[in-house]
Every structure is written in structure tokens, then in C-alpha cells.
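In: generate coordinates for the sequence data below:
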Amino acid sequence: MIKKVLFHIYSLGKGGAERVVTTLAAQMAERGIEVCVATLCVSATEYPLDERVRRINVGLTEAEEKKNKIARMRTRIKKLRDCLKKEQPDVVYAFMQTANYRAVLAARGLNIPVIISVRSNPAVDYASKKQQKLANFLYQKAAGAVFQTTGARDFFAPEVASKAAVILNPLNPKYEGIDYPAQRRKAFVSVGRFHEAKDYMTLVKAFERIAGDYPDYNLEIYGGASEDNSIHQVREQVRSHHLTERILFMGSREDLEKCITDAACYVLSSKYEGMPNALMEAMALGLPVVATDCPSGGPAALIEDGENGLLVEVGNDKEMAAAMRKMLEYPKDVERVSRAAKKIIEDASAEKITGEWLAYAERCIERK
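Out: Here you go, the predicted structure:
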């Protein structure tokens, strides 16, 4: 029986992997398991940790940050290794590429099983032959691996994929148990930080195609800026096409379950995704959803086209506009689709998914 776990991730900044870590950590603590989260740094904005979860800093000091790249890498591995020796967890869950590498290397010879987790489209993160070779070499040494889709799993060598598990992301419990709105307001919504991968430009163009036919509908985009300049490009597209009164930049919000519940439709326009939390949450709220059928298969794993949502081609604003239009013109079908979407709560509740992570860890420990 697992009594103590340690999560390792770069930080708890507001990304999809970080949200999964904080949700799983809280659920495991609720079960009486001792939980630690080892991070390298504290981000400007972060998801809060449950008060029962202990956070450990394994990052570099200011002086250590001035060392060369190889020295920094070795120091990070040593600090994590020292942490594992001290904490002696029953299992380590590592999240995202460099944390995965670091955890496998840090745990060598310690007899502490490491389960790595790939959280995005591996064709992007492991694009080069060098990265693929390194990942397959190190991931074979891990006790196990968790992927969000079969497409992501099958990207890696059979030696990695054969011992892996495919597990959905856990829903944040605050998205469960919310009733359908008495009436939907006239707004399309999308959620996610501004990054080229989210392809908000295609969403803006799709909305522009139908804006004239539905003059009382707006598009609301919830999310902050990222390291690229995509938010400025999207803003300029909106401004130059005279849509500033119709396409609204809502910023990041902590109460999305209140902001978007009564929207007419949720749209995900991404070029690629791991398993999109925001899409899962929209479905849990019972929103009609339109999503791109993007790699590595997250939306397609969640949506049966025409049954609980609509899938459209990546980058095709014309097809996206047609799907958005359909969500307005066929209210009876939309009601059926939205109720079917809400069933995701049964498959991805935080309690159920946490159980799957723990059961998989038990199997990995037995196999090891």
C-alpha cells in the first residue's frame, strides 16, 4: 500500500500539468497519503497547494545559477537525489520533459520507482532524433509512464509504451455538480493562455465569418499572455477588422466555472494539445463544445463527433465557423450534445482518476 508519494515538476505556474499535480496531490492527501511536491522555483502566479501537501525546494541558489549549463544540470539532479534520499517516498511522479529526465537520473540506485508523465504533444517536445533517442533511453529506465492519449504513448519506443498507462486528466472538483443554466447568453467562449499553439487567429477568423449573421453574439477569450507575441497579433487582427466591440479579451480568471457556464458554445482552436483541461471543464459544465481534431489526440479522445461535441479540422476557420453556426441553429441537437458532454464527470472525476494513478503505481512497484 502506498503511504508516501513525491511529485516533481518545475513549478506550480498556471499550466495544465501544474493543475493536474495540485489536483492529484490534494486528492491523495485526502486519502491519508503523505504527499510532497518538489519544485525548482516559484512562479509569479501559481495554483495553490492543499495545506496538507508539503512543498520542497530543489532549485538552485543565486550563486549556483551563475554556473555553466552542465554544472547547473548536475546540481539540480543532485539536489533532487538528496531530497529522495531524505524523503524516501514509495513512488515519484515526474511531470514534463526535463523533470522526467531529472527524476530518472536522480533516482538511480535508490530503489525508488519513478513514473514519468508526458503532458503535451510529443511530436513537438521530442521533435529531434536526439531528443527521441534520449527520451526512449531514459524512459525505459523508469518504473512506468503515464500518457494522456494513445497517440502520445505510441510515439515512444515499444519498450516504453508497453509498460505505460493512458489516464485522463482529473477534473477540478469545482466543475462538478453545477446545474444547467436556465438560459444561455449570446456568447462564444474559449479558455487558454495566448500562445501560437492555441491558434486564436483561426478562432477570430471563424467568428468573423458568422458575426454579421448573429450581430448580438460576442466572442470571449479567457487567458493571459505567454512568452510569444501571439496576443498582440490577435489583438491587431481584431482591431483591423473592426471587431473590438464583439471579440473581448477577458484575461485570466479564477472563477471560470461561474463565468462561462451559461455561454452558448465553447470553442477550442488549438493546433496541438496534450489533454486540454479547459475542454474537459467546459464539457463538465454541460457546454456545447467545438474543438479541433488536433494531435496528439486529446480532443478526439474526449469527443465523439456529433454525439457530445463537434470536431473540426485544425486551422480551418471555414469549417470551425460552420460548426459554431450549427450550435446556434439546432437547439434540440445542442441540448442532446451538451447533456452527453456532461457525462465526462463520470469518467474523469478527481476521485476516480486519482485512484487510477495510485493503482498504476502499485502495479509498477510490484513489477519492479
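
In: what ranges in this protein fall below the confidence cut-off?
Out: By pLDDT under 70, the chain has no low-scoring segment.

In: okay, domains of it per the record?
Out: 4-170+349-367, 173-347 (automatic domain parsing).

In: mean neighbour count for these - can I get that in CSV?
Out: Quick note: C-beta positions are derived from backbone N, CA and C, even for glycine. Formatted as CSV, the domains of the chain follow (neighbours: other C-beta atoms under 10 Å):
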stretch, mean neighbour count
domain 4-170+349-367, 18
domain 173-347, 19
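
In: list the contacts for residue 367?
Out: By C-beta atoms under 8 Å, 6 or more residues apart in numbering, the contact set of residue 367 is 143, 144, 163.

In: go ahead and confirm the first one touches residue 364.
Out: To tie it back to what came earlier, the one meant is residue 143. Yes: using C-beta atoms under 8 Å as the test, residue 143 is close enough to residue 364 to be in contact (4.2 Å).

In: got phi/psi on residue 145?
Out: Residue 145 adopts backbone torsions of phi -150, psi 140, taken as degrees, to the nearest 10.

In: you'd agree it is up against residue 116?
Out: Yes: when contacts are counted by C-beta under 8 Å, residue 145 is listed as touching residue 116 (5.1 Å).

In: quick one: end-to-end distance for stretch 168-177.
Out: Taking C-alpha to C-alpha, to the nearest Å, stretch 168-177 runs 19 Å from one end to the other.

In: so can I have a markdown table of the contacts of residue 367 showing secondary structure and distance to residue 281?
Out: A markdown table is the format used below for the contacts of residue 367 (DSSP: H, G, I helix; E, B strand; the rest coil; distance: C-beta to C-beta, whole Å):
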| residue | secondary structure | distance to residue 281 |
| --- | --- | --- |
| 143 | coil | 31 |
| 144 | strand | 27 |
| 163 | coil | 30 |
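
In: one step back: where do the contact lists of residue 143 and residue 364 overlap?
Out: 91, 113, 115.

In: what segments of this protein are strands?
Out: Using DSSP state E, the strands of the chain run over 4-8, 34-39, 54-57, 91-95, 114-117, 144-147, 165-166, 187-191, 218-222, 247-249, 265-268, 289-292, 310-312.

In: can I get these in TSV with distance to residue 17?
Out: Formatted as TSV, the strands of the chain follow (distance: least, C-beta to C-beta, whole Å):
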stretch	distance to residue 17
strand 4-8	10
strand 34-39	12
strand 54-57	16
strand 91-95	5
strand 114-117	8
strand 144-147	11
strand 165-166	16
strand 187-191	16
strand 218-222	19
strand 247-249	25
strand 265-268	18
strand 289-292	20
strand 310-312	24
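
In: residue 40 reaches residue 55, doesn't it?
Out: No: at 11.5 Å, residue 40 and residue 55 do not qualify as touching, with contact defined as C-beta under 8 Å.

In: re earlier: do you know which of the strands of the chain lies nearest residue 355?
Out: Proximity to residue 355, assessed across these by C-beta to C-beta, is greatest for strand 165-166 (12.3 Å).

In: now do that closest one: which elements does it pack against?
Out: Judged by 3 or more C-beta pairs under 8 Å, 6 or more residues apart in numbering; DSSP states H and E, strand 165-166 is in contact with strand 144-147.

In: now the strand it packs on - C-alpha only, CSV.
Out: Extracted in CSV, the C-alpha atoms of strand 144-147 (Å, rounded to 0.1, in the frame of the first residue of the first chain):
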residue,chain,number,x,y,z
GLY,A,144,6.3,3.3,-15.5
ALA,A,145,5.0,6.1,-17.7
VAL,A,146,1.6,7.9,-17.9
PHE,A,147,0.3,9.4,-21.1
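
In: which residues are in contact with that strand?
Out: By C-beta under 8 Å, 6+ apart, strand 144-147 touches 93, 113, 115-118, 139, 153, 156, 160-161, 163-167, 357, 360-361, 363-364, 367.

In: give me the common contacts of residue 145 and residue 116.
Out: Common neighbours of residue 145 and residue 116 (C-beta under 8 Å, 6+ apart) are residue 139.

In: contact partners for the closest residue in space to residue 47 that isn't next to it in sequence?
Out: In space, and not counting its chain neighbours, residue 47 is closest to residue 22: 4.4 Å by C-beta to C-beta, 6 or more residues apart in numbering. Listed by C-beta under 8 Å, 6+ apart, the contact partners of residue 22 are 12, 47, 48, 49, 50.

In: contacting residues for residue 264?
Out: The neighbourhood of residue 264, defined by C-beta under 8 Å, 6+ apart, consists of 184, 185, 186, 187, 188, 217, 288, 327, 328.

In: what do you get for residue 292?
Out: When contacts are counted by C-beta under 8 Å, 6+ apart, residue 292 is found next to 199, 268, 269, 270, 271, 299, 311, 312, 313, 314, 315, 320.

In: 6 Å instead, please
Out: The contact partners of residue 292, by C-beta atoms under 6 Å, 6 or more residues apart in numbering, come to 269, 270, 312, 314.

In: cool, residue 250 as well?
Out: Neighbour list for residue 250: 220, 222 [criterion: C-beta under 6 Å, 6+ apart].

In: where does it fall, phi/psi-wise?
Out: Torsion angles, degrees, to the nearest 10, at residue 250: phi -90, psi -10.

In: the one 5 residues further on too?
Out: Backbone torsions for residue 255, taken as degrees, to the nearest 10, come to phi -120, psi 50.

In: endpoint to endpoint, stretch 226-235 covers what distance?
Out: Stretch 226-235: ends 14 Å apart by C-alpha to C-alpha.

In: and stretch 119-138, by the same measure?
Out: One end of stretch 119-138 to the other measures 17 Å (C-alpha to C-alpha).
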